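>>> fold the stuff below for me.
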Amino acid sequence: MSRSIRSGILAFVLAAGVLVLAGCTGLPFSAPALTHEVVLRVPAGKADTVARQLGHRLDVAGITERSIGTDGDRVAVRYTPPKTGGAEVEVREDLFQAPGEFAIRPVTAVGEDAAGSGDCTQAAERCTAMTEEQEVLRLGPVGVGDKDLDTVKAVDVQNQWGVQVDFTESGADAFAALSGKAACEEDPALKRMAILLDGKLLTAPSVQLECGQSLSTSVQISGGFDRTKAEQYAALMGAPLPDGVQIVSSKP
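Sure, this is the predicted structure:
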């Protein structure tokens, strides 16, 4: 082979190499820009735990475009809200800082005579809560708490959104005891259980059971929720945060 032919082949190979490289560098991967940011201050030594729980919350709430980073006692969450019908879903600040404390308590009295402390967080032995109908309920000690939850998810049942809570084995036993006791109450007004999130009443359903029967493995919570509210409630219940998580900055 002549020197001129070998030179021509070499030039062609080099040119092809340049074309291949140009093709690779001409199609860079570009991640979508994240439009929102929340920076949190967390208790000492809890940053990794908070980051992990927030990741679970965002998964349940359908926020897939996000990043979570830690720096000392700070956790930074950058995200883009999901859209429904072309419009951004409102992401409440509670999603990032609310403890997500779940509780079910028995209803022990109803009406004006039920007055008492309005603090229904788990530390309270007994408390009172008010329904949307302005009904005052006195509540007994926590029978089922967030440690009794196995899985929590938003569900659509017959075109009505709600939250399904599945209990652990010990949680199912505790729920059976609570619902069984309510079923045997002689006063129909006391055949109820109050379901609370962070000390706030979500619903207080009646227990439609005969004495001797009970509920155990799961419960569905509804109350006029749309999909977004159901998903964000499920996110809070399914991934509790330690006390003391606070937002220090957010944008936009």
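>>> report the separation between the closest residue to G72 other than its chain neighbours and V38.
Distances taken as C-beta to C-beta, 6 or more residues apart in numbering place A47 nearest to G72, at 7.0 Å, with adjacent residues excluded. Every residue, glycine included, has its C-beta placed from N, CA and C. Applying C-beta to C-beta, to the nearest Å, the value for A47 to V38 is 14 Å.
>>> show me where pLDDT drops low in the stretch 51-200 of the chain?
Scanning the stretch 51-200 of the chain for pLDDT under 70 picks out no residues.
>>> in it, which spans are strands?
66-71, 74-79, 83-84, 87-88, 102-110, 127-130, 136-139, 144-145, 149-157, 160-167, 193-197, 200-203 (DSSP state E, counting those that start in this stretch).
>>> so for Q220, which of those strands sits nearest?
strand 160-167 (5.1 Å; C-beta to C-beta).
>>> so what strands line up beside the closest one?
Using DSSP bridges, the strands paired with strand 160-167 are strand 149-157 (antiparallel), strand 218-225 (antiparallel).
>>> residues in contact with R78?
Contacts for R78 (C-beta atoms under 8 Å, 6 or more residues apart in numbering) come out as 34, 36-37, 66-68.
>>> which of the residues you listed count as buried?
36, 66, 68 (16 or more other C-beta atoms under 10 Å).
>>> one step back: want to throw the strands paired with strand 160-167 into JSON lines with distance to G143 and mean neighbour count?
Shown next, in JSON lines, are the strands paired with strand 160-167 (distance: least, C-beta to C-beta, whole Å; neighbours: other C-beta atoms under 10 Å):
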{"stretch": "strand 149-157", "distance to G143": "13", "mean neighbour count": "15"}
{"stretch": "strand 218-225", "distance to G143": "12", "mean neighbour count": "16"}
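>>> could you dump the ones you listed to a markdown table with distance to A177?
Formatted as a markdown table, these follow (distance: least, C-beta to C-beta, whole Å):
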| stretch | distance to A177 |
| --- | --- |
| strand 149-157 | 16 |
| strand 218-225 | 14 |
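>>> so which of the ones you listed is nearest G55?
For G55, the closest of those is strand 149-157, at 15.2 Å, according to C-beta to C-beta.
>>> contacting residues around that closest one?
Contacts of strand 149-157 (C-beta under 8 Å, 6+ apart): 60, 102, 161-168, 171, 220, 222, 227, 230-231, 233-234, 237-238.
>>> just to revisit the earlier point, T70 is in contact with the residue nearest to G72, correct?
Yes - with contact defined as C-beta atoms under 8 Å, A47 and T70 form a contacting pair (4.1 Å).
>>> ok, and for stretch 164-179, which residues are buried?
164-165, 167, 171-172, 174-176, 178-179.
>>> same question for stretch 236-250.
The neighbour-count check on stretch 236-250 (16+ other C-beta under 10 Å) flags 236-241, 245 as buried.
>>> quick check: end-to-end length of that stretch?
19 Å (C-alpha to C-alpha, to the nearest Å).
>>> stretch 130-144 too?
Stretch 130-144: ends 20 Å apart by C-alpha to C-alpha.
>>> what sits up against that stretch?
Here stretch 130-144 makes contact (C-beta under 8 Å, 6+ apart) with 102-116, 120, 122, 125-129, 167, 171, 174-175, 177-178, 192-194, 201, 204.
>>> quick one: distance of that stretch to the chain centre.
Mean-position distance between stretch 130-144 and its chain equals 23 Å (C-alpha atoms, centre = their mean, to the nearest Å).
>>> go through the buried residues of stretch 164-179 and name the one nearest D94.
V165 (18.1 Å).
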